[in-house]
Each structure stands twice: as C-alpha cells, then as structure tokens.
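Peer 1: sharing a sequence plus its predicted fold:
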Amino acid sequence: MNDADYYKERVNNLMDTLIELGESYGYTREDVEAMVPEIDLGAYAVSAASYLANIVTQMVLVMLIVVYMLLGYDGSNKSVLQSNIDSRIRKYIMVPRPPPSRICATHLTHLRACVRACVRLCVRVR
C-alpha cells in the first residue's frame with residue numbers, strides 16, 4: 001500500500017508510452033484509449049485479498065489439527081474433553097478411530113505420511 005503512488009505513476013507512464021506508439025502508427029489519443037480496456041484494480045485487489053484470506057484460514061486450521069494430533073495421539077490417559085475433541089477432529093477429517101487399547105505401527109506410519117503431505121502442501125502454497 002505504501003507504493004501505490006509509485007505503481008499508479010508507472011501505469012500512467014506505460015499508458016503514455018502506449019499512446020505514443022499508437023500515434024506513431026497514425027491513431028489518435030482517443031482511438032488508443034478506446035482500444036485499451038478499463039481495468040478495475042480495486043476489484044482485483046479485493047478478489048486477491050479474499051483468496052489469500054481463505055487460503056490462510058485453511059492452512060491455519062490444518063496446522064492446528066496436525067499439531068493437536070501430533071501432541072496427543074497416544075490414545076491413553078485422555079480426559080473426557082480431550083477424547084471429545086479428538087473424536088470431533090477425526091470425524092471432521094474422516095479418520096477412523098483406532099482401537100482404544102493401543103495404536104498400531106500402521107496408524108503411526110499413516111499419520112506421519114499425512115503430516116509430511118500437509119507440510120509439502122503448505123510449502124507449495126507459499
């Protein structure tokens with residue numbers, strides 16, 4: 001936002017250069033201006049900001065779920081609140097609930113693969 005005046009001046013300079021080029025080919029200033037489409041930069045800025053906000057909120061949600069599951073995934077000695085949160089998160093991301101006795105090595109392998117995939121996805125989005 002601090003450089004808005006700079007970019008506005010840059011766009012104006014490019015428009016002047018385009019008009020000079022058009023005049024060198026025999027067009028009038030009005031003809032060249034009529035050929036250039038009207039660009040609503042405000043709409044593009046709002047759209048880009050909305051898209052970025054959506055991506056950021058989704059990344060934060062994924063990271064919170066991953067961190068929660070990494071910190072408390074052992075399945076034993078959980079309070080009622082932790083078990084409730086865990087079951088809601090699993091329902092949200094559609095992960096089947098492991099047997100209450102213990103978590104097998106296969107579940108841990110799948111969890112590690114999911115975490116790696118989430119990290120790769122977050123790095124690509126940046």
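Peer 2: It's in. Given the structure is predicted, the values throughout are model-derived calculations rather than measurements.

Peer 1: pLDDT below threshold where in the protein?
Peer 2: Residue ranges of the chain with pLDDT under 70: 1-2, 72-76, 94-108, 118, 121-126.

Peer 1: helices along that one, start to end?
Peer 2: Using DSSP state H, the helices of the chain run over residues 4-24, 29-35, 41-71, 80-93, 105-125.

Peer 1: and those as TSV, adding mean neighbour count?
Peer 2: The C-beta positions use only the backbone N, C-alpha and C, and glycine is treated the same way. Below are the helices of the chain laid out as TSV (neighbours: other C-beta atoms under 10 Å):
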stretch	mean neighbour count
helix 4-24	11
helix 29-35	12
helix 41-71	11
helix 80-93	12
helix 105-125	12
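
Peer 1: the most centrally placed residue in the chain and A48, how far apart?
Peer 2: In the chain, the centroid-proximal residue (C-alpha atoms, centre = their mean) is I55; its distance is 2.4 Å. Separation of I55 from A48 (C-beta to C-beta, to the nearest Å): 11 Å.

Peer 1: same question for V62.
Peer 2: Following C-beta to C-beta, the distance that separates V62 from A48 is 21 Å.

Peer 1: repeat that for T109.
Peer 2: Distance from T109 to A48, by C-beta to C-beta: 39 Å.

Peer 1: again, but for L41
Peer 2: 10 Å.

Peer 1: do L21 as well
Peer 2: Counting by C-beta to C-beta, the gap from L21 to A48 is 29 Å.

Peer 1: show the contacting residues for E23.
Peer 2: By C-beta atoms under 8 Å, 6 or more residues apart in numbering, the contact list for E23 reads 29, 32.

Peer 1: and with 7 Å instead?
Peer 2: R29 (C-beta atoms under 7 Å, 6 or more residues apart in numbering).
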